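A.B. asks: Sequence first, predicted coordinates after that:
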Amino acid sequence: MASVEKTAGPSSEQRDSQGNLIEGDQPLKQFADLKVGDKSSSKAEGGKPSEHPTSSVAPAEKPSTFENTKTTRRSYEDELRYLFDINETSIGIKKGFVPNMNVEGKVFVNKPLKDILLQELQSNIEGSGGAFLPALKQVANVASLPGIIGQSIGLPDIHSGYGFAIGNVAAFDVSDPASVVSPGGVGFDINCGVRLIRTNLHVQEVAPFREEICEALYQAIPVGVGQGGSCKTDTLDDVMNNGVDWAIKNGIAWESDREFCEENGHMRNADASKVSSRAKARGKVQLGSLGAGNHYCEVQIVDEIYDKEAAKVMGIDFEGQICIMVHCGSRGLGHQVATDYLKVMETIMSKQKIKLNDRQLACVRINSKEGQDYLSAMAASANFAWVNRQGITHQIRGVFENIFKKSAQEMDMNLIYDVSHNMAKMEDHVLAGGEKKKLLVHRKGATRAFPPHHPSLPKAYQEIGQPVFIGGSMGTNSYILLGTEGSMQNSFGSTCHGAGRAISRHKSHKALTFQEVLDNLDKKGISIRIQTPKLVMEEAPETYKDVHEVINAVHQAGIAKKAVKLRPLAVIKG
């Protein structure tokens, strides 16, 4: 990454007791002089068109509309005055970039990824932006929320989303009565997450069956918008209240699967009674299904091992080893829960005297009845999502058993780990200065990345840290990372979750053709089954940031470290 010479700030620069720059400081020279060319924008949250809010949830509004704050639209050059380089792997956002910021913003990016963010900002100012505010503005708006502590943090795969940017982390002091919880900081696909299943098979054994495996997985796993699920139950409340424990009891999970899920696949504060009948109706018919958009099941090959000792602990023993990655969430149930509670919070905010820059950040006090109800419903949706991925895992094991005529146990088809990236969770963190506090950490399009010896990790991973799975775009590499102490110190135990969209779905149709994408995958030896043809263009590698740049950025920043690189052999999508 090209180095950027740091320029000293003006002599008038002042900081408050937290060390944040006080509103009105002058810009650093390298931003004021920066010019960017090509423009891009991002319209779809997490690449999931079926998970946009309905018309009953209000669109984004300018701060002047929602908070009666008179603002003057600034030029791009003026906006750059509020941005500054912290170091080669992060930039800062000063107070004043948007009104009412309580803390500064911080975004982990290297030079190529920073350019993408600035292009998005410039496009928005010039009137050619997307449906949402630019990601940098969204990070700053989150910094204005009551009770936020530290900084509003953006990760290298950040892009615009509903309310919070996707790839945005924010922590709120639970002891502060003003602190809030916001569904926009979790996302519509609650507990969207990634799990990785290992095998002891070598690519030479599997490659001859590539097409057969691809077709069999496509037939076994329901895919697409609104499709039915592979798991049938008359006791959906039990699923939502008990998570993976329900899956074990009903024969679709192994005992060891529970140990290797974040939160053991069961959030204890879940309460299915806080979930609406409409949400339950949507979820009941979708349990054990992949969905559409950027969700996938991918057969992968271990391409390169960076940390052999850690890889061995995870059961990854050799390059060429076959693994299966699953990326999906809580389907229509989670979407409906988010929609329901956004409506509730919009009506409650005025009573709680909460003022916002953007109504997409609708929120309530954490310790209010509505705040606790949402957290219980969110936890129930998270439990549903773990069972959803477990149902898909059950189908994957069955497909491999049928093709290779061995049991899943013989093929060592154990779960390496299951990580979430759309959650808000109560966690203990040590702040700068050594103070320990209980925080509600919102991770929207961000993955928990706890370090070695953290009490939340399985015994097997105490020495290496938490596995983190970063899916690339369709046809590109994915990665296994490990949590670090740096993530605890600098990003509330969080790191990135994927490559991150670089251009909108609409623009992808103009830039690419269906056949071009298929031909490129075929040249790489990758089989694909996809239900919705337009998704081929929308999920092509060209529409996403370079996953290698994202990984290098978090590795260099010390908020996760590289362990293993994987490449795809077969892809199943909705």
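C.D. replies: Yes, it's here. On a predicted model such as this, the values are computed, not experimentally measured, just so you know.

A.B. asks: Lys565: how many residues sit nearby?
C.D. replies: Lys565 has 22 neighbours, counted by other Cβ atoms under 10 Å. Using the backbone N, CA and C atoms, a C-beta is placed for each residue, glycine as well.

A.B. asks: what's near enough to touch Glu435?
C.D. replies: Listed by Cβ atoms under 8 Å, 6 or more residues apart in numbering, the contact set of Glu435 is empty.

A.B. asks: Quick check: it vs Val180, distance?
C.D. replies: Computed as Cβ to Cβ, to the nearest Å, the Glu435 to Val180 distance reads 21 Å.

A.B. asks: again with Lys406
C.D. replies: Counting by Cβ to Cβ - Lys406 and Val180 are separated by 52 Å.

A.B. asks: Over to Ile213. Which of the three states is it?
C.D. replies: helix (DSSP: H, G, I helix; E, B strand; the rest coil).

A.B. asks: So what's the predicted local confidence for it?
C.D. replies: Looking at Ile213, its pLDDT is 97.

A.B. asks: from memory it sits against Ala570, does it?
C.D. replies: Yes: counting by Cβ atoms under 8 Å, Ile213 does reach Ala570; the two are 5.8 Å apart.

A.B. asks: what ranges of this structure fall below the confidence cut-off?
C.D. replies: 1-72, 129-130, 226-227, 500-512, 537-543 (pLDDT under 70).

A.B. asks: Of all the helix elements in it, which one is longest?
C.D. replies: helix 369-404 (DSSP state H).

A.B. asks: coming back round to it: so what's in contact with Ile213 and Ala570 at the same time?
C.D. replies: Val299, Ser527.

A.B. asks: Just read off the phi/psi values of the closest residue to Gln372 other than its chain neighbours.
C.D. replies: Closest residue to Gln372 in three dimensions, ignoring its sequence neighbours and counting by Cβ to Cβ, 6 or more residues apart in numbering: Ile366, at 7.8 Å. Dihedral angles of Ile366 (phi, psi; degrees, to the nearest 10) stand at phi -50, psi -40.

A.B. asks: how deep is Ile366 tucked in, by neighbour count?
C.D. replies: 24.

A.B. asks: Surely it touches Ala178?
C.D. replies: No: the criterion here is Cβ under 8 Å, and Ile366 misses it with Ala178 at 9.3 Å.

A.B. asks: Spit out the residues that contact the two alike.
C.D. replies: Common contacts of Ile366 and Ala178 (Cβ under 8 Å, 6+ apart): Gly147.

A.B. asks: Report the separation between the most centrally placed residue in the chain and Cys323.
C.D. replies: What sits nearest the mean C-alpha location of the chain, by Cα atoms, centre = their mean, is Gly445, with 1.9 Å. Distance of Gly445 to Cys323, given as Cβ to Cβ: 23 Å.

A.B. asks: what number of residues lie near Glu205?
C.D. replies: Glu205 has 14 nearby residues by other Cβ under 10 Å.

A.B. asks: Please give the element, helix or strand, for it.
C.D. replies: Using DSSP states H and E, Glu205 maps to helix 203-206.

A.B. asks: go on, Gly475?
C.D. replies: Here Gly475 is assigned to no helix or strand, by DSSP H and E.

A.B. asks: Against Arg567, how distant is it?
C.D. replies: Counting by Cβ to Cβ, the gap from Gly475 to Arg567 is 9 Å.

A.B. asks: and what of Gln395?
C.D. replies: In terms of Cβ to Cβ, Gln395 sits 23 Å off from Arg567.

A.B. asks: Between these two, which has more neighbouring residues?
C.D. replies: Neighbour count, other Cβ under 10 Å: between Gln395 and Arg567, Gln395 has more, with 23 against 19.

A.B. asks: Distance check, the closest residue to the more buried one other than its chain neighbours against Ser230.
C.D. replies: Nearest residue to Gln395 in three dimensions, chain neighbours excluded: Ala220, at 4.3 Å (Cβ to Cβ, 6+ apart). In this structure, Ala220 and Ser230 are 7 Å apart, going by Cβ to Cβ.
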